[in-house]
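*Asks:* A structural model of the following input is requested.
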Amino acid sequence: MLLLDEGTAHLNEGLQGQVLTHLTTFGVTLIIASHDPRVLARADRCVCL
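*Replies:* Down below sits the predicted model:
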């Protein structure tokens, strides 16, 4: 399990996409806290608090 709290917040769109794509290759559960709609759009499931 990997937990990220705004883990890509300061990256440009291209680098953010590369990081998120690479993270999905680890074969682990990712829990990402984010306000970025581009990150949320890639999620399998979203929980809004």
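*Asks:* all helices of this structure, in order?
*Replies:* 13-23, 37-41 (DSSP state H).
*Asks:* Make a markdown table out of those helices and add mean pLDDT and mean neighbour count.
*Replies:* Yep, even glycine has a C-beta here, placed from its N, CA and C like the rest. Shown next, in a markdown table, are the helices of the chain (pLDDT from 0 to 100; neighbours: other Cβ atoms under 10 Å):
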| stretch | mean pLDDT | mean neighbour count |
| --- | --- | --- |
| helix 13-23 | 96 | 13 |
| helix 37-41 | 94 | 12 |
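*Asks:* Dump these to CSV, plus distance to residue 5.
*Replies:* Listed next are these as CSV, based on distance: least, Cβ to Cβ, whole Å:
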stretch, distance to residue 5
helix 13-23, 14
helix 37-41, 12
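*Asks:* wait, what's in contact with the nearest residue to residue 42 once chain neighbours are set aside?
*Replies:* Once flanking residues are discounted, residue 42 sits nearest to residue 20: 5.7 Å by Cβ to Cβ, 6 or more residues apart in numbering. Contacts for residue 20 (Cβ atoms under 8 Å, 6 or more residues apart in numbering) come out as 8, 39, 42.
*Asks:* Residue 49 versus the residue nearest to the first one when sequence neighbours are not counted, what's the distance?
*Replies:* Just to be clear, that refers to residue 8. Sequence neighbours aside, residue 16 is the residue nearest to residue 8 in space, at 4.4 Å (criterion: Cβ to Cβ, 6+ apart). Residue 16 is 22 Å from residue 49, where distance means Cβ to Cβ, to the nearest Å.
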